[in-house]
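Visitor: Let's see this in three dimensions:
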Amino acid sequence: ENMVQSLQTMAQVTITTEIDATEVVKMRSQLKQDFDLTFTDLLVRAVAKALKAHPLLNATLIGDEIHMLPAIHIGVAVALPDGLIVPVMRDADKRSVQEIAQEAKRLAEGARSGDLSVDEVTGGTFTITNLGSYGIDAFTPIINSPEVAILGVGRIVEKPAIVGDQIVKRSLMTLSLTIDHRIVDGAPGAEFLRTLRGLLEAPYRLLT
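Guide: Alright, predicted model coming up:
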């Protein structure tokens, strides 16, 4: 019902970009020697930093007024046998990569066991949905109302790419950003994706 209402009441548009995920894949492999983490954990950190730079995508519409939200609470969609649930990572911008990984694991386990509280599945300001593990490249995610944007994440695929004057093997991935066009125009959405791409292609900045 929430998804139908979202489509009926918003002017939703999806924009996509392909990023070079080679370096962030390498960094994840290195960090996994110290603690367990998923690629989505790194995405949460990157999205939180990008939202700090582009606060319009961390807003909501109340009546006819756009309200900028001071806190960044990122929902991460988790697939269940009988549907979908979106646990919320509160104050994601204030957490380190390791803290995000630990909290994400706890939330995912709680989602699958049905032990999450109402507070742990409400109050999100932005959502990430990752279908990469299902072999999906790109899709059009539906905004989780009353948020104004959602990021869809596709699979990481090794492809030939031109770097300088050479053709080399790189790990590429497509990101799909759906925005509420009543609040966020295409250009601000594209700027957000450009910032996010920069963070993921030079991922050492996620550790600061």
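Visitor: Go through stretch 74-89 and flag the buried ones.
Guide: By 16 or more other CB atoms under 10 Å, the buried positions in stretch 74-89 come out as 74-78, 85-89. Yep, even glycine has a C-beta here, placed from its N, CA and C like the rest.
Visitor: So Lys52 belongs to a helix, correct?
Guide: Yes - assessed with DSSP: H, G, I helix; E, B strand; the rest coil, Lys52 lies in a helix.
Visitor: Test my guess that it contacts Asp93.
Guide: Yes - the pair formed by Lys52 and Asp93 meets the contact definition of CB atoms under 8 Å, at 5.7 Å.
Visitor: what about these two, which has more around it?
Guide: Neighbours per residue (other CB atoms under 10 Å) separate Lys52 from Asp93, with Asp93 holding more: 18 against 12.
Visitor: how about the helices of the chain, start to end?
Guide: For the chain, the helices defined by DSSP state H occupy 2-9, 22-31, 39-53, 97-113, 186-201.
Visitor: list the helices and strands the fourth one packs on?
Guide: Using 3 or more CB pairs under 8 Å, 6 or more residues apart in numbering; DSSP states H and E as the contact test, the elements touching helix 97-113 are helix 39-53, strand 74-76, strand 78-80, strand 88-89.
Visitor: How about residues contacting the first one?
Guide: The one in question is helix 39-53. 24-25, 27-28, 57-58, 72, 74, 76, 89, 92-93, 95-97, 100-101, 104, 125-126, 128, 130, 132, 151, 153, 156, 192, 195-196, 199-200, 203, 205-206 (CB atoms under 8 Å, 6 or more residues apart in numbering).
Visitor: how about that helix as PDB, C-alpha atoms only?
Guide: Extracted in PDB, the C-alpha atoms of helix 39-53 (Å, rounded to 0.1, in the frame of the first residue of the first chain):
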ATOM      1  CA  PHE A  39      29.700  -4.000   0.200                       C
ATOM      2  CA  THR A  40      26.400  -2.500   1.300                       C
ATOM      3  CA  ASP A  41      28.100  -1.400   4.600                       C
ATOM      4  CA  LEU A  42      30.500   0.600   2.600                       C
ATOM      5  CA  LEU A  43      27.700   2.000   0.500                       C
ATOM      6  CA  VAL A  44      25.900   3.100   3.700                       C
ATOM      7  CA  ARG A  45      29.000   5.000   4.700                       C
ATOM      8  CA  ALA A  46      29.400   6.600   1.200                       C
ATOM      9  CA  VAL A  47      25.700   7.600   1.000                       C
ATOM     10  CA  ALA A  48      25.800   9.100   4.500                       C
ATOM     11  CA  LYS A  49      28.800  11.300   3.400                       C
ATOM     12  CA  ALA A  50      27.100  12.200   0.100                       C
ATOM     13  CA  LEU A  51      23.900  13.200   1.900                       C
ATOM     14  CA  LYS A  52      25.900  15.600   4.100                       C
ATOM     15  CA  ALA A  53      27.000  17.300   0.900                       C
END
